[in-house]
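Visitor: Need a 3D model of the following:
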Amino acid sequence: MPAPQGRPPARAGAAASDETKVSPMMAQYIEIKAANPGSLLFYRMGDFYELFFEDAEVASRALGIVLTRRGKHAGADIPMCGVPVERADDYLQRLIGLGHRVAVCEQTEDPAEARKRGGKSVVRREVVRLVTPGTITEDRLLDPARANILLGLARRRASDTGWTYGLAAVDISTGGFSLSEVDGDGLPAEIARLDPREIVVPEAIHDDPDLARLWREGRAAVTPLGRVEADPAAAERALKEQFGVATLEGFGAFGRAEVAAAGTVLHYIARTQLGAKVSLTPPARQAAGATLLIDAATRANLELTRTLSGERAGSLLAAIDRTVGAAGARLLAERLAGPSTDLALIRRRQDSVALLVADGALRAELRADLARAPDMARALSRVAVGRAG
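Guide: Prediction:
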């Protein structure tokens, strides 16, 4: 993409004393960036989101856009690149696809109001949203046929040599929320079944050398958090507040590791959504043994939902998917990734298939109705967080 025109160039021949000064605008940028470590900062300047310093270098390489410079900081040129606001979703999609996180910083006052405070006053800006692989809701940023799972992990000591891991899987784009519990040996298989876009873990789990290979070889972005998010009491309070209940008993019996994992993921959602209330279904417990256990290596070699190269095309899912709607495609992928072990449920599904195979007219009518139906789960989720069209 050609470098955008009309931006202020770096001043040539400035005195050394001037080069060490920080402009009010750059001071504001540095302050906002410091408050959002680990995220690329999309800093709104008129019709562009600008990125500076290391963020600009990272984005320039990732997006293939021109790296320029704007002024100096501490005697050195300030790297800069930018993307037009009207095309921001396209660039966000590419950055999120590469596992990056983006803090979107908007102008929160009219420039005319800023000028009333003096010629050197800076327009007020603030981060209005943190965009991460597991917390996106916009249709343009999502794969319609794939669940967008944000996975929270926690663990509790099961014995002197082993742990019990709690997993909280949330799809913000649909409101789905499930909990499960496995031992250390079953953790890689459960993560592979859920196929999350992003995993949030307390630092103690992230830094465990026995799990380093799991994070390194996985496809999901991994976000380490502090210790506080896994506190059992805080986790239980977060669950009660999310659903407006005084007790969790009505949702089922959850293990301490599951509750802690739920607290971890809810804390992260609150942090990234900056106060926007996310609508979630009550947590459903995935019982141990409810789905066929398939280890990660076997799953990869079977190419159930993606090929060894990571592509959907060429997988078993791609070969059998004849769904006409996004919700059906996601459900098919979920059932193929985690085949049920419940014989009664399997028979009910077979009976349903047999009925539709025998009744072609009913099948055609249902397919026509489903093809016209919007993706209501994702539409309602966008309404809940104020991002609906």
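
Visitor: Could you tell me the end-to-end distance of stretch 174-191?
Guide: Terminal residues of stretch 174-191 lie 19 Å apart, using CA to CA, to the nearest Å.

Visitor: so who does residue 312 touch?
Guide: Shown in contact with residue 312 (CB atoms under 8 Å, 6 or more residues apart in numbering): 145-146, 305-306, 318. Just so you know, the C-beta spots here come from the backbone N, C-alpha and C atoms, and that holds for glycine as well.

Visitor: how about a cut-off of 6 Å?
Guide: Listed by CB atoms under 6 Å, 6 or more residues apart in numbering, the contact set of residue 312 reads 306, 318.

Visitor: my guess is it is in a strand, correct?
Guide: No: Residue 312: not assigned to a strand; according to DSSP: H, G, I helix; E, B strand; the rest coil it is coil.

Visitor: ok, it to residue 117 distance?
Guide: 53 Å (CB to CB, to the nearest Å).

Visitor: Below-threshold pLDDT in the chain: ranges please.
Guide: 1-20, 227-230, 389 (pLDDT under 70).

Visitor: Show me the strands in it, by range?
Guide: 40-45, 48-52, 68-73, 76-84, 102-107, 125-131, 150-157, 163-171, 176-183, 198-202, 221-225, 284-285 (DSSP state E).

Visitor: Of all these, which one is nearest residue 96?
Guide: Of all those, strand 125-131 sits nearest to residue 96, with 6.5 Å by CB to CB.

Visitor: Convert the C-alpha atoms of that closest one to PDB, please.
Guide: Output in PDB follows, covering the C-alpha atoms of strand 125-131 (Å, rounded to 0.1, in the frame of the first residue of the first chain):
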ATOM      1  CA  ARG A 125      -8.100  10.000  23.200                       C
ATOM      2  CA  GLU A 126      -8.700   6.800  25.000                       C
ATOM      3  CA  VAL A 127      -8.700   3.100  24.200                       C
ATOM      4  CA  VAL A 128     -12.300   2.000  23.500                       C
ATOM      5  CA  ARG A 129     -11.600  -1.600  22.900                       C
ATOM      6  CA  LEU A 130      -9.000  -4.300  23.000                       C
ATOM      7  CA  VAL A 131      -9.300  -6.700  20.100                       C
END
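
Visitor: what sits up against that strand?
Guide: 36, 92, 102-108, 272.

Visitor: Repeat that for stretch 370-382.
Guide: Contacts for stretch 370-382 (CB under 6 Å, 6+ apart): 137, 173-175, 324-327, 388.

Visitor: Using a markdown table, lay out these together with distance to residue 55 and neighbour count.
Guide: What follows is the contacts of stretch 370-382, written out as a markdown table (distance: CB to CB, whole Å; neighbours: other CB atoms under 10 Å):
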| residue | distance to residue 55 | neighbour count |
| --- | --- | --- |
| 137 | 24 | 24 |
| 173 | 26 | 28 |
| 174 | 31 | 23 |
| 175 | 32 | 16 |
| 324 | 42 | 14 |
| 325 | 38 | 19 |
| 326 | 33 | 19 |
| 327 | 36 | 18 |
| 388 | 30 | 11 |
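
Visitor: about what we covered before: show the buried residues in the contacts of strand 125-131.
Guide: 36, 92, 102-105, 107, 272 (16 or more other CB atoms under 10 Å).

Visitor: farthest pair in the residues you listed?
Guide: 107 and 272 (21.0 Å).

Visitor: thinking again about what came up before, ok, so of the contacts of stretch 370-382, who is nearest residue 260?
Guide: residue 175 (21.4 Å).

Visitor: is it true that that closest one touches residue 280?
Guide: Yes: contact criterion CB atoms under 6 Å: residue 175 and residue 280 qualify, at 5.0 Å.

Visitor: still on that earlier bit, would you format the strands of the chain as JSON lines with distance to residue 349 included?
Guide: Converted to JSON lines, the strands of the chain look like this (distance: least, CB to CB, whole Å):
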{"stretch": "strand 40-45", "distance to residue 349": "44"}
{"stretch": "strand 48-52", "distance to residue 349": "47"}
{"stretch": "strand 68-73", "distance to residue 349": "58"}
{"stretch": "strand 76-84", "distance to residue 349": "46"}
{"stretch": "strand 102-107", "distance to residue 349": "41"}
{"stretch": "strand 125-131", "distance to residue 349": "37"}
{"stretch": "strand 150-157", "distance to residue 349": "26"}
{"stretch": "strand 163-171", "distance to residue 349": "22"}
{"stretch": "strand 176-183", "distance to residue 349": "19"}
{"stretch": "strand 198-202", "distance to residue 349": "30"}
{"stretch": "strand 221-225", "distance to residue 349": "34"}
{"stretch": "strand 284-285", "distance to residue 349": "18"}
